[in-house]
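**Q** Provided below for reference: sequence and predicted model.
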Amino acid sequence: MRFFKRHRLCIFFLLAATVAQAQEKLPFEVDPLFDFEQPKTLGLPFAKGLETITIFSPKASDNKYNHGVVLFPFQGMLYAQWQSSSIDEDGADTQVFYSKSSNGTHWEPPLELTKKRANGIKTSGGWWSDGETLVAYICVWPENKSGSKEGYTEYMTSTDGIHWDLPKRVTNADGDPVLGIIEQDVHQLPNGRIITAFHMQPGLTATPYYTDDPLGISGWTSGVMENMPTNNQNMSRELEPSWFYRSDGAIVMIFRDQDSSFKKLAAVSHDNAVTWTTPVVVNTPDSRAKQSAGNLPNGTAFMVNNPSGNKDRFPLVLTLSKDGFLFDKAWVLRSGDDDLQPMRFDGKYKRPGYSYPKSVVWGDHLYVSYATNKEDVELTRIHIDNLKK
């Protein structure tokens, strides 16, 4: 009898150890691909067949601060949305502009999507569509005398990309306005569910959300996720997430780490975004900035970020994984060398480099948009055949 008790006890501890190991396993890993002694390229090759295209480059009479560039295809056109102000980041005159292109290379002159707002500003929130209606999300930041940064999300709709309905509030499953700023990466799961994150009031707490509304304007429901501890009282440690899917069907959400580890944070969901693991630090170097992620048509997972390991927002790098568990291939899209044009205008919080990349697959290309030096609205595209592993 004593033997069987000991045997059962061994099995118990073995199972407990197995569960603990499963819980400790990182959402994904990255091979040691980067040479930090070569900061302009990290020792990486350029991707084959790169094309870099300027959507908008300001002249002396134009708004000189441009940022938060997001692309989205709609009815045979590619749309770009960004926030813009005369000189400074989040200046009082900040508003949202957009442009569109029929081929991704030649872009129409920018148009106003929003007007300047009294007692606050509006910034770019990204796009969504059900195929018939284009949705533009707008982040609204009311003037806050307490100093705590927070806001909410509106949306505007159009069936032709020219005429827009008046803005309305994005709503939750109870029909109430969502009290948070939407993240620009909106993804659709294979079952049609739409996922994103909102940075919720008070302050900015990154919270995963999902909806089964095909238009993505209502029915938003909060996923369950415990945020990591942080000493910052006004925002979560996790910020500005994006998503890719692993070969086992799990959704992986990667975040900027506001606690300056200069690595990415990541959480995982196995139940269509209803519950998430607590985020952990992964061995992906970063610049503590917004990134982009997704999957190519063949399922290959990708991440786009500035893996400098410090505040430098160069180079801009594309990293690939066949299964979403191990990222083992990387290419430079833009370096910190001669292809980085000089900054032409001064402004608050402006810096050299390629800020806040966002990405979309359109046709035969992966498109990556970003703001160069926070003044030029640009994209780099790569033919998907050049990314096959």
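**A** Here it is on my side, so go on.

**Q** Just list whatever residues bridge to Ser292.
**A** Val304 (DSSP bridges).

**Q** got a list of what it touches?
**A** With contacts defined as CB atoms under 8 Å, 6 or more residues apart in numbering, the neighbours of Ser292 are Asp185, Ser242, Met303, Val304, Asn305, Pro357, Lys358, Ser359, Val368. Heads up, the C-betas are built off the backbone N, CA and C, glycines and all.

**Q** Can I get these in TSV including distance to Leu387, neighbour count and pLDDT?
**A** TSV is the format used below for these (distance: CB to CB, whole Å; neighbours: other CB atoms under 10 Å; pLDDT from 0 to 100):
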residue	distance to Leu387	neighbour count	pLDDT
Asp185	19	24	94
Ser242	18	28	98
Met303	13	27	98
Val304	12	24	98
Asn305	16	27	98
Pro357	16	29	98
Lys358	17	29	98
Ser359	12	24	98
Val368	12	26	98
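
**Q** Adding distance to Gly223, write the residues you listed out as TSV.
**A** Shown next, in TSV, are the contacts of Ser292 (distance: CB to CB, whole Å):
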residue	distance to Gly223
Asp185	15
Ser242	15
Met303	21
Val304	24
Asn305	23
Pro357	24
Lys358	21
Ser359	23
Val368	27
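
**Q** I'd assumed Trp164 was in contact with Thr157.
**A** Yes. Counting by CB atoms under 8 Å, Thr157 touches Trp164, with 7.0 Å between them.

**Q** Residues that sit against both of those two, list them.
**A** By CB under 8 Å, 6+ apart, Thr157 and Trp164 have these common neighbours: Ala136.

**Q** Glu240 in helix, strand or coil?
**A** Per DSSP: H, G, I helix; E, B strand; the rest coil, the secondary structure class of Glu240 is strand.

**Q** Near it, how many other residues are there?
**A** Neighbour count of Glu240, defined by other CB atoms under 10 Å: 20.

**Q** Tyr98 too?
**A** Using other CB under 10 Å, Tyr98 is surrounded by 22 other residues.

**Q** ok, what's across the strand from it?
**A** Counting by DSSP bridges, Tyr98 forms beta bridges with Gln81, Leu111.

**Q** do Phe56 as well
**A** According to DSSP bridges, the partner residues bridging Phe56 are Val377.

**Q** I figured it hits Thr372, correct?
**A** No. Between Phe56 and Thr372 there is no contact under CB under 8 Å: 10.9 Å.

**Q** more neighbours, the two?
**A** Neighbours per residue (other CB under 10 Å) separate Phe56 from Thr372, with Thr372 holding more: 25 against 22.

**Q** Chain neighbours aside, what residue packs nearest to Phe36?
**A** Gly309 (5.9 Å; CB to CB, 6 or more residues apart in numbering).

**Q** in the stretch 51-200 of the chain, which spans are strands?
**A** Counting by DSSP state E, counting those that start in this stretch, the segments of the stretch 51-200 of the chain that form strands are 51-56, 65-74, 77-85, 95-101, 111-112, 120-129, 134-142, 152-158, 168-169, 180-182, 187-188, 194-200.

**Q** Reformat those as JSON lines; add distance to Thr277 and mean pLDDT.
**A** Formatted as JSON lines, those follow (distance: least, CB to CB, whole Å; pLDDT from 0 to 100):
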{"stretch": "strand 51-56", "distance to Thr277": "37", "mean pLDDT": "98"}
{"stretch": "strand 65-74", "distance to Thr277": "27", "mean pLDDT": "98"}
{"stretch": "strand 77-85", "distance to Thr277": "32", "mean pLDDT": "98"}
{"stretch": "strand 95-101", "distance to Thr277": "34", "mean pLDDT": "98"}
{"stretch": "strand 111-112", "distance to Thr277": "42", "mean pLDDT": "98"}
{"stretch": "strand 120-129", "distance to Thr277": "25", "mean pLDDT": "98"}
{"stretch": "strand 134-142", "distance to Thr277": "27", "mean pLDDT": "98"}
{"stretch": "strand 152-158", "distance to Thr277": "26", "mean pLDDT": "98"}
{"stretch": "strand 168-169", "distance to Thr277": "31", "mean pLDDT": "98"}
{"stretch": "strand 180-182", "distance to Thr277": "21", "mean pLDDT": "98"}
{"stretch": "strand 187-188", "distance to Thr277": "18", "mean pLDDT": "96"}
{"stretch": "strand 194-200", "distance to Thr277": "15", "mean pLDDT": "98"}
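
**Q** Thank you kindly, that will do.
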